[in-house]
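# pasted the sequence and its predicted model underneath.
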Amino acid sequence: MTKPTTHYPPTSLHVVIVGAGFGGLTAAIECHFKGHKVTVLERSPKWRQLGDILSLGPNAGQILSRYSPEHIAAKMEPICMNNDRFRIHTLKGELLIEQVVPPVEGKPMYNGHRAELHRVLYDYAVALGIPVRMGSKVVSYEEDAEQAWVVLESGEVVKGNIVVAADGLRSKAKKVVLESHGIDAGSGERGVTGTWKERSTGYAVYRAWYDAEKCGIGKDPLTAFLMKRDTHVGWLGRDVHFLAASLKGGKEISWVATHPTTIQDLDTEDDGEDWMNPIPAKVEEAVKLFEGWDPVCAAIVSKTPSLIDFPLMTRLPLPTFISRIGHICLLGDSAHPFLPTSIQGASQAMEDGVVLATCLSLSYFSPHHKNFSAGQRCTIAVQAYQKMRYERVKAAQKTGEEVMKNWHKTEEREWEAAKEQPKSVQLPRDEWLLGHDAETWCHDVWEEVLEELSGGKPVRRERLAAGPESTEVKGVNYG
């Protein structure tokens, strides 16, 4: 366990967090440790076992390492993939590269079932006494000069010094935040405002998780290797990529196949990219994707008892994550959705939670703010949060876009070039991305950020943890 950076005295702040995903729960836990009162509102009426494979990178592992080992590490380690390499093949099965991922002390990686990892974090929040109110669907966000509040579907009003919208890609807070700055949040306006409506990437992902033994993985010579040990393998083809993993000593199988789709738009908040309402798919349709591929791929897919087809949505980067007054802010997917190929969506949302909670504490106790109201201190805190997060998440998003581009080549000559330069298709393992210590760094750059917010010298790019020039880079090998 890594020790917390410092002791945080209690504040008088009440933080209302909408959404109990990885970002929302991390923000709640961090606010609790930073001395803030916190309330979490989750629209789902009860806990549901949703999702499949999810990766928490070393940057998220750094955060989790500061929590109780009994509640986190001891529960996550047994349910996660115990494997240190990723083998990437051509569609015919020719090995392109084996990417070894070395362990880094104090920064564990956790690759496991989304719902199981999520449950560990949820149970920890509850054990800390954090109120997580299930069945609390938010219908509107409001704020004034000193506070913010939400109205629930029941009509109840929940108030706090700040409201954090961690409720996903289609958060209603996005419109409130943009329009507070006079930015058109509509679906079709371009120009200086951009297009803020979520749109299809042109791709969807078949996703599945099943019991290896029950589904005959060990009986098939093509797939039996998956049960011998935890394994992570991938195949790259013409505009399709296929990833498969075995976990828990080869007992469980997860696979995903990203493929072109005809779905262009999804208009309702509960459609498409939403674990609560997955789109079922037919196994035989998924098998057809792999005609002419390494037969291992079709063998893994054909044994699947059920699967979903998960449309990948995206949008242009929002111009801001925070409202004009500064008492409503976006966090996680509501602020910056990630492609799965980034393998950073949950990790970046967790970083958001750490930085926001830390900024609220630093602003509250700053000697520069001793004559400020709680509302004014919150405004400065969320402005600092945005400054510390905006460029970093934009840079992190680009890593997923680059991987998607490199994995979805359509010309044979492009694949021949990849064989000559196999590192071009490996997953990004940059130190600036994975070695980030969000809490320590937040303390380190706090005064520099305050100076810029006060009209002083801008924070230098290398201090924003947003690329290889980052001052955090120390030469540690992450693979």
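Perfect, thanks for sending it.
# could you use CA atoms for every contact and neighbour count after this?
Will do.
# give the contact list for the closest residue in space to Ile72 that isn't next to it in sequence.
Here the nearest residue to Ile72 in space, its sequence neighbours aside, is Val120; by C-alpha to C-alpha, 6 or more residues apart in numbering that works out to 6.5 Å. In this structure, Val120 makes contact with 71-72, 75-76, judged by C-alpha atoms under 8 Å, 6 or more residues apart in numbering.
# now the longest helix seen in the chain: mean pLDDT?
Of all the segments assigned as helix in the chain under DSSP state H, the longest by residue count is helix 374-407. Computed over helix 374-407, the mean pLDDT rounds to 96.
# equivalent analysis for stretch 98-115, please.
For stretch 98-115, mean pLDDT rounds to 94.
# and it, what's buried?
Residues 99, 106-115 are the ones in stretch 98-115 that count as buried (16 or more other C-alpha atoms under 10 Å).
# and that stretch, how far out from the chain middle?
Between the mean C-alpha location of stretch 98-115 and the chain-wide mean there is a distance of 15 Å, by C-alpha atoms, centre = their mean, to the nearest Å.
# and stretch 137-152, by the same measure?
Distance, centroid of stretch 137-152 to centroid of chain: 25 Å (C-alpha atoms, centre = their mean).
# what's next to it, contact-wise?
Taking C-alpha under 8 Å, 6+ apart as the criterion, the residues outside stretch 137-152 that touch it are 16, 18, 41-44, 136, 153, 157-163, 172-173, 176, 325, 327-328, 373-376.
# make it 7 Å
If you take C-alpha atoms under 7 Å, 6 or more residues apart in numbering as the criterion, stretch 137-152 is touched by 42-43, 136, 153, 157-163, 172-173, 325, 327-328, 375.
# from these, list the buried ones, please.
42-43, 136, 158-163, 172-173, 325, 327-328, 375.
# which stretches of the stretch 301-450 of the chain form helices?
Secondary structure of the stretch 301-450 of the chain, counting by DSSP state H, counting those that start in this stretch: helices at 345-365, 374-407, 412-420, 431-434, 438-453.
# nearest to His89, out of those?
Across these, His89 has its closest neighbour in helix 412-420 (9.8 Å, C-alpha to C-alpha).
# what lies in contact with that closest one?
Under the criterion C-alpha under 7 Å, 6+ apart, residues 96, 409, 424 lie in contact with helix 412-420.
# ok, now with 6 Å
Taking C-alpha atoms under 6 Å, 6 or more residues apart in numbering as the criterion, no residue outside helix 412-420 touches it.
# off-centre distance for it?
In terms of C-alpha atoms, centre = their mean, the centre of helix 412-420 is found 31 Å from the chain centre.
# now do the buried residues in it.
In helix 412-420, the ones that count as buried by 16+ other C-alpha under 10 Å are 415, 418-419.
# now Gly237: phi and psi?
phi -130, psi -160 (degrees, to the nearest 10).
# what does the one 10 residues further on give?
Phi and psi for Leu247, reported as degrees, to the nearest 10, are phi -130, psi 170.
# hey, what's it bridged with?
Listed beta-bridge partners, Leu247: Glu252 (assigned using DSSP bridges).
# Arg87 now?
Applying DSSP bridges to Arg87, the residues it is bridged with are Glu98, Val233.
# right, and it touches Val100 too?
No - distance between Arg87 and Val100: 8.7 Å, which falls outside the contact criterion (C-alpha atoms under 6 Å).
# strand partners (parallel or antiparallel) of the strand or helix carrying Tyr203?
Following DSSP states H and E, one finds Tyr203 within strand 199-211. Sheet pairing for strand 199-211, assigned by DSSP bridges, gives strand 252-260 (antiparallel), strand 307-314 (antiparallel).
# which one, of these, ends up nearest to Tyr67?
strand 252-260 (27.5 Å).
# and that closest one, how far out from the chain's middle?
On the basis of C-alpha atoms, centre = their mean, strand 252-260 sits 18 Å off its chain's mean C-alpha point.
# same question, stretch 121-140
Averaging C-alpha coordinates over stretch 121-140 and over its chain gives two centres that are 19 Å apart (C-alpha atoms, centre = their mean).
# can you tell me the distance between the two ends of that stretch?
One end of stretch 121-140 to the other measures 27 Å (C-alpha to C-alpha, to the nearest Å).
# buried stuff in that stretch?
Of the residues in stretch 121-140, those buried (16+ other C-alpha under 10 Å) are 121-122, 124-125, 130, 132-138.
# need the max-distance pair from those.
Based on C-alpha to C-alpha, the longest span within the buried residues of stretch 121-140 runs between Tyr124 and Val138 and measures 24.0 Å.
# which phi and psi does Tyr67 have?
Per degrees, to the nearest 10, the residue geometry at Tyr67, taken as phi and psi, is phi -100, psi 170.
# for stretch 386-404, buried residues please.
In terms of neighbour count (16+ other C-alpha under 10 Å), stretch 386-404 has its buried residues at 386-393, 396-397, 399-404.
# quick one on the thing from earlier: as TSV, the helices of the stretch 301-450 of the chain with distance to Gly467 would be great.
Converted to TSV, the helices of the stretch 301-450 of the chain look like this (distance: least, C-alpha to C-alpha, whole Å):
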stretch	distance to Gly467
helix 345-365	14
helix 374-407	7
helix 412-420	24
helix 431-434	6
helix 438-453	14
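# you'd agree Thr410 is up against Gly237?
No - counting by C-alpha under 6 Å, Thr410 does not reach Gly237; the two are 7.9 Å apart.
# the two: who's more crowded?
When Thr410 and Gly237 are compared for neighbours, Gly237 comes out ahead with 20 against 12, by other C-alpha atoms under 10 Å.
# do you know how far that one is from Leu427?
Counting by C-alpha to C-alpha - Gly237 and Leu427 are separated by 16 Å.
# same check on Val120?
Val120 sits 27 Å away from Leu427, taking C-alpha to C-alpha as the criterion.
# same deal with Glu252?
Using C-alpha to C-alpha, which is the criterion applied here, Glu252 is 23 Å from Leu427.
# mind checking which of those two has more residues around it?
For the pair Glu252 and Leu427, the greater number of neighbours falls to Glu252 (22 against 18), based on other C-alpha under 10 Å.
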